[in-house]
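Peer 1: can't give you the sequence, but here's the structure:
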């Protein structure tokens, strides 16, 4: 484990106060506007992924003999991981502002394809598998966009005071809650006894998601012009640490990996456990006669709400000892035997209340301990490596998601 002294020094670098009157003014986040925008951007960068997996009822109707969420997860996370590694080792000097704008544009294209394809080709018909392959393609395109947007936003937030990283991380959970509420609302608007009702609700759902991504595009191009963000970026450019001679890119990356590797592994493990169970096993392997196809949506909503509660809790109480969070990431392996009990155990454990309770606990622990590790890890390196550490945090995160999405198939076996 790396020394706490480096984390303390780095935290001081990020939050050093100033006595200059102008600095006090520019350092003030008026109306918490920058914080709110980073929260919305955190929501937006995972909204397309959540939009695809939460429309499981619609895609299961169109393609009834495909394991939708498991296939989506493998494609999305694998593509994201590959593209993120290319960014880290080959294109990191490509300006983050450009990467994020390109990524947001790709998100919009991916989301647009689904309603357009339904209007002009599928027209609510089940079993048109050309549409399935196109959907898989746009899920992969969203994976590319995610690597561009998520890596860059978290990397830039790592250079700012920790409240902005907390905003981004909380936003990623708010994304799941928002999408779940969107799906519940759009599903409730139309009668679900007919295929037309399911189709129309799904189209409305994707239109709302598209409008939200347009808002994110506008807000991202506003936030860099706010005085508080200009102030912090100016301080970074003038830090003596950043003026010194830099290491070669590859040496800088490997040096940073050495310092954060254990905490990065903790992030990976948190998401291996989470994604090997959710959404695949939660949405496809447990069933409710009483709730029907609402059951999967209810479970996704419970997970997302408690994931948001866990990540938001770090704004009130942030566990400063990352070693405890690392230990908790290993303890969460106990979810595997508990979920086996829900699938193959006594009848009581297979009923709605135990499954909903366990899914909520999975969401809460994922949210809190992942948030703690993601906030503290970039502060454990020197200031000039904080952006690299932030991007590497996303690499560890997506590595966990990719491995977890593959492990989710073992429930089927």
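Peer 2: Arrived safely, thanks for sending. Small disclaimer: the values here were computed from a predicted structure and weren't measured. Residues are numbered from 1 along each chain as shown.

Peer 1: find the least confident helix or strand in this protein, judged by mean pLDDT.
Peer 2: helix 4-15 (a mean of 40; mean pLDDT, DSSP states H and E).

Peer 1: pLDDT weak spots in the stretch 51-200 of the chain?
Peer 2: 92-93, 192-193 (pLDDT under 70).

Peer 1: from residue 232, how far out is residue 359?
Peer 2: Distance of residue 359 to residue 232, computed by CB to CB, to the nearest Å: 38 Å. From N, CA and C alone the C-beta is placed, and that goes for glycine too.

Peer 1: and those two? which has more neighbours close in?
Peer 2: When neighbours are counted by other CB atoms under 10 Å, residue 359 and residue 232 differ, and residue 359 comes out ahead with 26 against 19.

Peer 1: can you tell me the SS state at the more buried one?
Peer 2: At residue 359 the chain is in helix, as set by DSSP: H, G, I helix; E, B strand; the rest coil.

Peer 1: quick one: it and residue 304 touch, right?
Peer 2: No - in this structure, residue 359 is not within contact of residue 304 by CB atoms under 8 Å, at 10.0 Å.

Peer 1: can you pull out the helices in the stretch 51-200 of the chain?
Peer 2: 56-62, 68-89, 96-117, 129-157, 162-189, 195-223 (DSSP state H, counting those that start in this stretch).

Peer 1: and those: which comes nearest residue 277?
Peer 2: Comparing those against residue 277 with CB to CB, the closest turns out to be helix 68-89 (11.3 Å).

Peer 1: where does pLDDT dip in the stretch 251-400 of the chain?
Peer 2: In the stretch 251-400 of the chain (pLDDT under 70), the answer is 251, 280-284.

Peer 1: count of neighbours near residue 125?
Peer 2: 12.

Peer 1: roughly how far does it sit from residue 40?
Peer 2: Distance of residue 125 to residue 40, given as CB to CB: 36 Å.

Peer 1: try residue 274
Peer 2: For residue 274 relative to residue 40 (CB to CB), the value is 23 Å.

Peer 1: ok, for residue 308, nearest residue in space, not its chain neighbours?
Peer 2: Distance criterion CB to CB, 6 or more residues apart in numbering; nearest residue to residue 308, sequence neighbours excluded, is residue 173 at 3.7 Å.

Peer 1: pull the contacting residues for that neighbour.
Peer 2: Applying CB atoms under 8 Å, 6 or more residues apart in numbering, we find residue 173 in contact with 304, 307, 308, 310, 311, 312, 367.

Peer 1: need the contact list for the first one.
Peer 2: The reference is to residue 304. 50, 173, 176, 177, 179, 180, 363.

Peer 1: again, 7 Å this time
Peer 2: By CB atoms under 7 Å, 6 or more residues apart in numbering, residue 304 lies in contact with 173, 176, 177, 180, 363.

Peer 1: nearest to residue 55, of the residues you listed?
Peer 2: residue 180 (10.9 Å).

Peer 1: give me the element the residue nearest to that closest one when sequence neighbours are not counted is part of.
Peer 2: Distances taken as CB to CB, 6+ apart put residue 301 closest to residue 180, at 3.8 Å, once the chain neighbours are dropped. Taking DSSP states H and E as the definition, residue 301 sits inside helix 294-316.

Peer 1: just the angle between that helix and helix 162-189, please?
Peer 2: Counting by axes from the mean of the first three to the mean of the last three CA atoms, to 10 degrees, helix 294-316 lies at 160 degrees to helix 162-189.

Peer 1: other SSEs contacting the following helix or strand past helix 294-316?
Peer 2: Note on helix 294-316: by DSSP H and E, the next helix or strand toward the C-terminus is helix 322-331. If you count contacts as 3 or more CB pairs under 7 Å, 6 or more residues apart in numbering; DSSP states H and E, helix 322-331 packs onto helix 249-277, helix 352-376.

Peer 1: let me know which of the ones you listed is the nearest to residue 31.
Peer 2: Closest among the helices and strands packed on helix 322-331, once you apply CB to CB, is helix 352-376, at 23.0 Å.
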